[in-house]
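A.B. asks: output the structure for:
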Amino acid sequence: MTSGHPRAFGAIWGVHLFRGKVTKTPPPPAINRACLAVSLYVSFVYIREALVASLTEVAPEGSTAKKCAAFLTSDSVKALRNAVAHGNWRVDADRGVLEYWARTGSISDKKMAPFTVTGSDLDFWQAVARCTAYASYLAVDEATCRALAARRLRRPLIGGASDERG
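C.D. replies: Below is the predicted model:
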């Protein structure tokens, strides 16, 4: 691959490959839940941390990339990201929805608010996340991906300190 960040691209694509391997025969419910957990994490936590926050800053106004980044940082999608990251979700198979709980707003002492998303809406949200990541990683070279990640990790945190992760 001549463009994009191969490791990040591979992580995103790997979810599809894994799902394809385990769904050739009807998998047991535990495998379905494992696939869902990995898919949710990659779509909403990994992609947001690795790409969307930086894309929000650098994408041109009015561009499709900017619009997708705005959607992926909207309140309901951000709440899902937080719920997935902290394990506050479950599948309600009887209603065909994913239920999740997250705090709303920026104050951490607020109560958890309940949310639901239908399977078709969740599929759409995941498609937007993955397609945004695929297109972004294919459009930029690896050095640019690394520069965006470095820029993201060195932003000042609340209180003036900076996050200097390795």
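A.B. asks: the strands in the chain, which residues?
C.D. replies: Using DSSP state E, the strands found in the chain span residues 89-92, 97-103, 112-118.
A.B. asks: ok, the second one: who's next to it in the sheet?
C.D. replies: In other words, strand 97-103. Within its sheet, and counting by DSSP bridges, strand 97-103 is paired with strand 89-92 (antiparallel), strand 112-118 (antiparallel).
A.B. asks: contacts for that strand next, please.
C.D. replies: 78-80, 82-84, 88-92, 110-119, 122 (C-beta atoms under 8 Å, 6 or more residues apart in numbering). In short, each C-beta sits where N, CA and C put it, glycine included.
A.B. asks: what angle sits between the longest helix belonging to the chain and strand 97-103?
C.D. replies: Assignment by DSSP state H gives helix 119-139 as the longest helix of the chain. Inter-element angle recorded for helix 119-139 and strand 97-103: 70 degrees (by axes from the mean of the first three to the mean of the last three C-alpha atoms, to 10 degrees).
A.B. asks: now do helix 119-139, average pLDDT.
C.D. replies: Averaged across helix 119-139, the pLDDT comes to 87.
A.B. asks: buried stuff in it?
C.D. replies: 122, 125-126, 128-130, 132-133, 136-137 (16 or more other C-beta atoms under 10 Å).
A.B. asks: now do stretch 41-51
C.D. replies: 42-48, 50-51.
A.B. asks: from the contact counts, what lies against the longest helix of the chain?
C.D. replies: helix 6-22, helix 47, helix 64-72, strand 97-103 (3 or more C-beta pairs under 8 Å, 6 or more residues apart in numbering; DSSP states H and E).
A.B. asks: quick one: average pLDDT of the second one?
C.D. replies: Model confidence over helix 47 averages 82 on the pLDDT scale.
A.B. asks: and that helix, what does it pack against?
C.D. replies: helix 119-139.
A.B. asks: quick check: angle from the helix it packs on to helix 64-72?
C.D. replies: Going by the same axes, to 10 degrees, helix 119-139 makes 140 degrees with helix 64-72.
A.B. asks: for this protein, which spans come out with low pLDDT?
C.D. replies: 1-24, 105-109, 140-166 (pLDDT under 70).
A.B. asks: swap in 90 and give it another go.
C.D. replies: Low-confidence segments of the chain, defined by pLDDT under 90: 1-39, 42-43, 45-60, 63, 65-66, 73, 75, 92-96, 103-112, 130-166.
A.B. asks: same list (the buried residues of helix 119-139) but as TSV, adding distance to residue 59.
C.D. replies: Output for these, formatted as TSV (distance: C-beta to C-beta, whole Å):
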residue	distance to residue 59
122	24
125	19
126	20
128	14
129	15
130	17
132	10
133	13
136	9
137	14
